[in-house]
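Participant: give me a model of this one.
(2 chains)
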2 protein chains.
Amino acid sequence: MSKRKPLILITNDDGYQAKGIASLIEAMKGLGEIIVFAPDSHRSGMSSAISTSQALRAWMYHKEEDLTAYMCNGTPVDCVKLALNEFTERKPDLLVSGINHGSNAGISVLYSGTMGAAIEGCVFEVPSIGFSLCDFNNDADFAATAGVARRLAEKVLAEGLPAGICLNVNVPIGEIKGVKMTTQTNGKWVNEYYRSNDGAGGDVFWMTGNFENWEADNEDNDEWALANGYAAVVPVKIDMTAYDFMPELKKWEI
Amino acid sequence: MSKRKPLILITNDDGYQAKGIASLIEAMKGLGEIIVFAPDSHRSGMSSAISTSQALRAWMYHKEEDLTAYMCNGTPVDCVKLALNEFTERKPDLLVSGINHGSNAGISVLYSGTMGAAIEGCVFEVPSIGFSLCDFNNDADFAATAGVARRLAEKVLAEGLPAGICLNVNVPIGEIKGVKMTTQTNGKWVNEYYRSNDGAGGDVFWMTGNFENWEADNEDNDEWALANGYAAVVPVKIDMTAYDFMPELKKWEI
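Facilitator: Presented below is the predicted three-dimensional model:
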């Protein structure tokens, strides 16, 4: 009897119709049995949000050999949770999320629905990777990112990832010089709102902004890699405990 | 000329009408000038979600000496971002979020809107603390948690917190034996959905579940502290890089 094929769960945050997830599905074909479980529409910026008071539904919208695809009315994390609780009969060998339309480097890992899904796969002890291309266009060229995704997926299927660690992969536009393993760039978004009005005198605020890099001279981080033509791979921990501060904190009398 | 009073930003994820935020506002009174900037309704489980395609609005709903309160139609992180970008003329000395109705211990830090707000404060380099009481009731007794919040706020106003680190504080129901500094408990939620139907033959799934503790014998983590009658304070890092895995990862050829 032959060994079962690896099971690969694919999701994203741009919705099941995005070009990015289509590219990722193509990149994974041949590596195993694929289940797609993706939001029914755009859920960008959803982080690790979950639907606590809305009923979730899922609809199968495509089936072919080694590929079953569902859409779901929830967030990216809802998709991962619902797929793994109710729609898979065995634990996947790999979760891949994306390819996101736009960067999730630096502090954006906190807000990213693409990475929310990868982090959730990691919570389920499934080796998980989020992929993003630094291009917001609907018709962006995902070829280079798909190549990186294929090679990383093969590597992780062969070797796994340590418990509690997933990967955040960002790829610059155009040809890439290579792949660098990096840290999460320290910095933040600034000038985050465009003030407009609702036509009746009320102020409204639209999200905008630019990333302020607080360590532009650090050649070991993801923003440096991207600015210099490399794909950036950050290993992301789901245990957020600041162990270094613990000895000091334990001295506090509260 | 006297020194300006400390500025304290208060938010939550249960919405501006929740008893928990009212208790937290009372607990902070007298410590400085207070700005409340809270969601206009329940935004539980919103994590670090941001509104990328919806216009935000804010309405002042209360003003008294040293207290100005706004509600906002966004997520907890939207509230923090909008307050700090557009509604404060100086950087706050402290951000407190909560008091949440329900635990945000262990892995729940990932999904928590309460902690999403505290983490966002930390991104802005504001010393930030999220508070949660392990009681989902609307009329929960927040007295003990408010006491812990007051003492921790005084401590953090006096001494600050290291850059990139905020605090996740969970408090058990009833009298507390004391306050323990702890790690984030390793474990996950299981049996996460209740399957129901929509009356027309379609399956729908409602979030439910129970927390499975993978290190129940570790007396240093937040679930142990809570189970044993202590408030638990976890220092939370916003740099999620898994530095320990970096040397191994750098050997990968992709």
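Participant: got a list of contacts for the lengthiest helix in chain A?
Facilitator: Counting by DSSP state H, the longest helix found in chain A is helix A:143-159. Helix A:143-159 is touched from outside by A:6, A:8, A:23-24, A:26-28, A:31-32, A:93-94, A:96, A:98-99, A:127, A:129, A:131-133, A:167, A:169, A:171, A:174-176, A:179, A:231, A:233, B:252, B:254, with contacts defined as CB atoms under 8 Å, 6 or more residues apart in numbering or on different chains. For glycine as for every other residue, the C-beta is placed from the backbone atoms N, C-alpha and C.
Participant: just the buried members of those?
Facilitator: Among the contacts of helix A:143-159, those buried by neighbour count (16 or more other CB atoms under 10 Å in any protein chain shown) are A:6, A:8, A:23-24, A:27-28, A:31-32, A:93-94, A:96, A:98-99, A:127, A:129, A:131-133, A:167, A:169, A:171, A:176, A:179, A:231, A:233, B:254.
Participant: what's the neighbour count on the residue lying closest to residue A:249 once chain neighbours are set aside?
Facilitator: With CB to CB, 6 or more residues apart in numbering or on different chains as the criterion, residue A:249 has its nearest non-adjacent residue at 4.6 Å, and that residue is residue B:181. Residue B:181 has 22 neighbours, counted by other CB atoms under 10 Å in any protein chain shown.
Participant: surely residue B:181 meets residue B:222?
Facilitator: No - with contact defined as CB atoms under 8 Å, residue B:181 does not count as touching residue B:222 (9.7 Å).
Participant: so what sits against both of the two?
Facilitator: Shared contacts of residue B:181 and residue B:222 (CB under 8 Å, 6+ apart): residue B:234.
Participant: how about the strands of chain A, start to end?
Facilitator: Under the criterion DSSP state E, chain A contains strands at A:7-11, A:33-39, A:58-64, A:67-72, A:94-101, A:128-133, A:165-171, A:178-181, A:187-190, A:193-197, A:203-207, A:210-213, A:230-237.
Participant: mind checking which of those strands is nearest residue B:75?
Facilitator: With distances scored as CB to CB, the stretch of these nearest to residue B:75 is strand A:203-207 (11.1 Å).
Participant: using PDB, write out every CA atom in the closest one.
Facilitator: Provided in PDB are the C-alpha atoms of strand A:203-207 (Å, rounded to 0.1, in the frame of the first residue of the first chain):
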ATOM      1  CA  ASP A 203     -15.400  64.100   9.500                       C
ATOM      2  CA  VAL A 204     -14.600  60.600   8.300                       C
ATOM      3  CA  PHE A 205     -11.100  59.000   8.300                       C
ATOM      4  CA  TRP A 206      -9.800  56.600   5.600                       C
ATOM      5  CA  MET A 207      -6.800  54.400   6.400                       C
END
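Participant: now do that strand and strand B:67-72, the angle between them.
Facilitator: Strand A:203-207 runs at 70 degrees relative to strand B:67-72, counting by axes from the mean of the first three to the mean of the last three CA atoms, to 10 degrees.
Participant: can you give me how far strand A:203-207 is from the chain middle?
Facilitator: A distance of 26 Å separates the centroid of the chain from that of strand A:203-207, by CA atoms, centre = their mean, to the nearest Å.
Participant: could you say what helices and strands that strand packs with?
Facilitator: Helices and strands touching strand A:203-207, by 3 or more CB pairs under 8 Å, 6 or more residues apart in numbering or on different chains; DSSP states H and E, are strand A:193-197.
Participant: run the last query once more with 10 Å
Facilitator: Here strand A:203-207 touches strand A:193-197, strand B:58-64, helix B:76-82, going by 3 or more CB pairs under 10 Å, 6 or more residues apart in numbering or on different chains; DSSP states H and E.
Participant: buried residues, the first one. List them.
Facilitator: Going back to what we said before, that points to strand A:193-197. Neighbour counts using 16+ other CB under 10 Å place residue A:193 of strand A:193-197 among the buried residues.
Participant: quick one: strands adjacent to that strand?
Facilitator: strand A:203-207 (antiparallel) (DSSP bridges).
Participant: show me what counts as buried in the strand it pairs with.
Facilitator: With burial defined by 16+ other CB under 10 Å, the residues of strand A:203-207 counted as buried are A:204-205, A:207.
Participant: next: stretch A:80-100.
Facilitator: The neighbour-count check on stretch A:80-100 (16+ other CB under 10 Å) flags A:80-85, A:87-88, A:92-100 as buried.
Participant: contacts with chain B among those residues, please.
Facilitator: Filtering the buried residues of stretch A:80-100 for proximity to chain B by CB under 10 Å from any CB of the partner chain leaves A:81-82, A:84-85, A:87.
Participant: can you put the residues you listed in a markdown table and add pLDDT?
Facilitator: Compiled in a markdown table, these are given as follows (pLDDT from 0 to 100):
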| residue | pLDDT |
| --- | --- |
| A:81 | 98 |
| A:82 | 98 |
| A:84 | 98 |
| A:85 | 98 |
| A:87 | 97 |
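Participant: residue A:117: which of these is nearest?
Facilitator: Closest to residue A:117, out of all of those and judged by CB to CB, is residue A:81, at 9.7 Å.
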